[in-house]
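[1] Here is a sequence with its predicted model. Questions after.
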Amino acid sequence: MATLAEPMPRVQRDRFFLILSLAMIAVIVGGFSLNLALGRSSFGLPLIYHVHAFVFMGWILIYLAQNLLIATGNAAIHRRLGWIALAWVPAMVAMGLAITLYAVRDHGGPPFFALPEFLFGNPAGLFCFAGLALAGFSMRGRSDWHRRLMLCSMAAITGPGFGRILPVPFMIPWSWLVAALLAPAIFPLIGMAVDRRRTGRVHPAWLWGLGAMIATFALGEAIAFTPFGESVARAVVAGSPGADRAFAAHFP
């Protein structure tokens, strides 16, 4: 089964995953760099932003290193670094949740996303990332599953990059859908297309990965746009500057 799933030459296969990893990293780094260059962000932000950046950029470096190690044939180091990656996943979730709560209380989150949508959608994406990363780690003995699930886990957290690159204020009321799901889904869809062209079928790992992205996005939306979701959002921002913004998405 594993042999059937990976018929292309190893060098070509490894290069494909490396290129997609570089593309995802370019989206994330490019998005935040663009914000900095345009003056929409600065290094003078509170400490929590810097800790968040350290953790997330640390994950990006680990993910890049893992792909480079495989592409250069250093599987032994790849396996050892994998244990550090595993320990890094809960830190990613913890800091992602912390910065989400801080942002909605500090200023209500990005105005072009509905506040409850941002509050529930961000954690949904983080848990999708963590679930796929842990699933990928558990399948490390099956490289065909492992690398595809890990790629999908990375795709699940490219939303913040897309949200800073794309003109999302002009996409209201579809801004969150585009930035958090449609744009990130491009990467597993590319993987599916390549598999289909080279093997005549789509590897099931892509379907599980994309399915998890869609399911967690839908769950976040389902909670956000209910009386329960709105009441939780109001309780979270109560007594903070975030309570002053309109809950609906609006042009900045």
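    Cool, the structure landed.
[2] Just give me the residue closest to the centre of the protein.
    Per CA atoms, centre = their mean, the C-alpha nearest to the average position across the chain is that of residue 157, at 0.7 Å.
[3] Roughly how far does residue 217 sit from residue 131?
    Distance of residue 217 to residue 131, computed by CB to CB, to the nearest Å: 13 Å. C-betas here are computed from N, CA, C, even on glycine.
[4] helix or strand for residue 201, which one?
    According to DSSP states H and E, residue 201 maps onto no helix or strand at all.
[5] Skipping adjacent residues, who's closest to the residue nearest to the centre of the chain in space?
    Spatial nearest neighbour of residue 157, excluding adjacent residues (CB to CB, 6 or more residues apart in numbering): residue 129 at 4.9 Å.
[6] so the one you found sits right up against residue 97, yeah?
    No. Using CB atoms under 8 Å, residue 129 makes no contact with residue 97, being 11.9 Å away.
[7] Could you check how far the residue nearest to the centre of the chain is from residue 74?
    With CB to CB as the criterion, residue 157 and residue 74 are 25 Å apart.
[8] do the same with residue 44
    For residue 44, the distance to residue 74 - CB to CB - is 39 Å.
[9] any idea how far residue 117 lies from residue 185?
    Taken as CB to CB, the span from residue 117 to residue 185 is 18 Å.
[10] Looking at the two, which one has more neighbours?
    Ranked by neighbour count (other CB atoms under 10 Å), residue 117 and residue 185 place residue 117 first, with 26 against 19.
[11] Skip the chain neighbours and tell me the closest residue to that one.
    Closest residue to residue 117 apart from its sequence neighbours, by CB to CB, 6+ apart: residue 224 at 4.6 Å.
[12] before we move on, the earlier item: please say which of residue 44 and residue 74 ends up with more neighbours.
    With neighbours defined as other CB under 10 Å, residue 44 and residue 74 compare such that residue 74 has more, 15 against 6.
[13] Need phi/psi at the more buried one.
    phi -100, psi 60 (degrees, to the nearest 10).
[14] Helices along the stretch 151-252 of the chain, start to end?
    Along the stretch 151-252 of the chain, the stretches classed as helices by DSSP state H, counting those that start in this stretch are 159-165, 175-177, 186-199, 204-224, 227-237.
[15] got TSV for those, with mean pLDDT, mean neighbour count and distance to residue 25 too?
    Output for the helices of the stretch 151-252 of the chain, formatted as TSV (pLDDT from 0 to 100; neighbours: other CB atoms under 10 Å; distance: least, CB to CB, whole Å):
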stretch	mean pLDDT	mean neighbour count	distance to residue 25
helix 159-165	96	22	9
helix 175-177	98	21	22
helix 186-199	95	17	11
helix 204-224	98	19	18
helix 227-237	97	15	31
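[16] Adding distance to residue 144, write those out as JSON lines.
    Output for the helices of the stretch 151-252 of the chain, formatted as JSON lines (distance: least, CB to CB, whole Å):
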{"stretch": "helix 159-165", "distance to residue 144": "26"}
{"stretch": "helix 175-177", "distance to residue 144": "30"}
{"stretch": "helix 186-199", "distance to residue 144": "10"}
{"stretch": "helix 204-224", "distance to residue 144": "7"}
{"stretch": "helix 227-237", "distance to residue 144": "38"}
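[17] between those helices, which gets nearest to residue 68?
    Smallest distance to residue 68 across the helices of the stretch 151-252 of the chain (CB to CB): 17.9 Å, for helix 186-199.
[18] So for stretch 73-88, mean pLDDT?
    Averaged across stretch 73-88, the pLDDT comes to 95.
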